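[1] output the structure for:
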Amino acid sequence: MGRTDRDTLARLRRINAVAATAFVVGGSLFAIGAALAQGDVGGPLLPASVFLAGGVFFSTGGYASVLQVINGPREGSEGRFVAGRWRWWAPQWQRLEWLAAVVLFVGTVVFAISLVDSFIAELTPRQADRLIWSPNMIGCALFLVSGHLSMVELSGRWYPCWRPRELGWWIVVINQLGSILFVVSAVASFVHTDGDLISVGIANWGTLTGALCFAIAGVLQEFERP
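    Here you go, the predicted structure:
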């Protein structure tokens, strides 16, 4: 392995640590925010602030995941690392792992829109659904799509595989479980015309358990060695 390859490998390991840590912190903050919301601690402002901080870490982890893919081993290179300049962006539409990472990153950005909009006061139910619920739902759906693409890339099949001996498999599966719980939470947070959510409890507990899944997957990712 040449010096350039060693430098690239060292960078990939650092960016993997950044991504993993970002998901651990982001997931933990979302779980805390959901617990605060469920316990009605600090009014609506405190949980919203914690959620927003968690969203920043989620987006950081999403972009770091993109960097891992575009600078990692390329298909047909027999596992060798790509030599040359470190790239901050590169379209690789033919690669499933690139699509999965980009969809995840876009999902975190769309999700963040709902977090910012949640600070707008005195929204009507229709405005809340348009400005908060819709981007929340879209972001969660993108998480789910990203997880499915990651599973397909891992197994080479369009249906779930069973590989419990592989660390990467556990990371993808736990993240996908978290995405499903986030979707459940998003559905439950739809605001009726009378101003009530479908289910506040399901929305909060779905967010809390889904966030913990992302945090656990982040801990496991810390042990991956690109």
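
[2] now the lowest-mean-pLDDT helix or strand in the chain: buried residues?
    Using mean pLDDT, DSSP states H and E, helix 3-38 stands out as the lowest-scoring helix or strand of the chain, at a mean of 90. Of the residues in helix 3-38, 8-9, 11-12, 15-16, 18-38 count as buried by neighbour count, 16 or more other C-beta atoms under 10 Å. For the C-beta atoms, the positions are set from N, CA and C on the backbone; glycine is no exception.

[3] I'd like the next helix or strand past it.
    Counting by DSSP states H and E, the element after helix 3-38 in chain order, helix or strand, is helix 45-71.

[4] that next one to helix 3-38, inter-axis angle?
    160 degrees (axes from the mean of the first three to the mean of the last three C-alpha atoms, to 10 degrees).

[5] I'd like the next helix or strand past helix 45-71.
    Using DSSP H and E, the helix or strand that follows helix 45-71 in sequence is helix 96-117.

[6] got the angle for that following helix vs helix 3-38?
    Helix 96-117 and helix 3-38 are oriented at 40 degrees to each other (the same axes, to 10 degrees).

[7] so what touches helix 96-117?
    The contact list for helix 96-117, computed with C-beta atoms under 8 Å, 6 or more residues apart in numbering, reads 48, 51-52, 55-56, 58-59, 61-63, 65-66, 68-70, 92-93, 131-136, 138-143, 145-147, 149-150, 152-153.

[8] same thing with stretch 27-36?
    The contact list for stretch 27-36 (C-beta under 8 Å, 6+ apart) reads 41-42, 46-48, 50-51, 53-54, 57-58, 178, 204-205, 207-208, 210-218.

[9] export that stretch as CSV, just CAs?
    Extracted in CSV, the C-alpha atoms of stretch 27-36 (Å, rounded to 0.1, in the frame of the first residue of the first chain):
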residue,chain,number,x,y,z
GLY,A,27,-29.6,10.0,18.4
SER,A,28,-29.1,10.6,22.1
LEU,A,29,-30.2,14.2,21.8
PHE,A,30,-33.4,13.2,20.0
ALA,A,31,-34.1,10.6,22.7
ILE,A,32,-33.7,13.3,25.4
GLY,A,33,-35.9,15.7,23.5
ALA,A,34,-38.6,13.1,23.1
ALA,A,35,-38.4,12.3,26.8
LEU,A,36,-38.7,16.0,27.7
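
[10] the closest residue to Leu52 other than its chain neighbours: neighbouring residues, count only.
    Spatial nearest neighbour of Leu52, chain neighbours left out: Leu115 (4.8 Å); criterion: C-beta to C-beta, 6 or more residues apart in numbering. Taking other C-beta atoms under 10 Å as the criterion, the count of residues near Leu115 is 23.

[11] repeat that for Val103.
    Close neighbours of Val103, defined as other C-beta under 10 Å, add up to 20.

[12] next one: it from Ser179, what distance?
    Between Val103 and Ser179 the computed distance is 11 Å (C-beta to C-beta, to the nearest Å).

[13] right, I'll leave it there.
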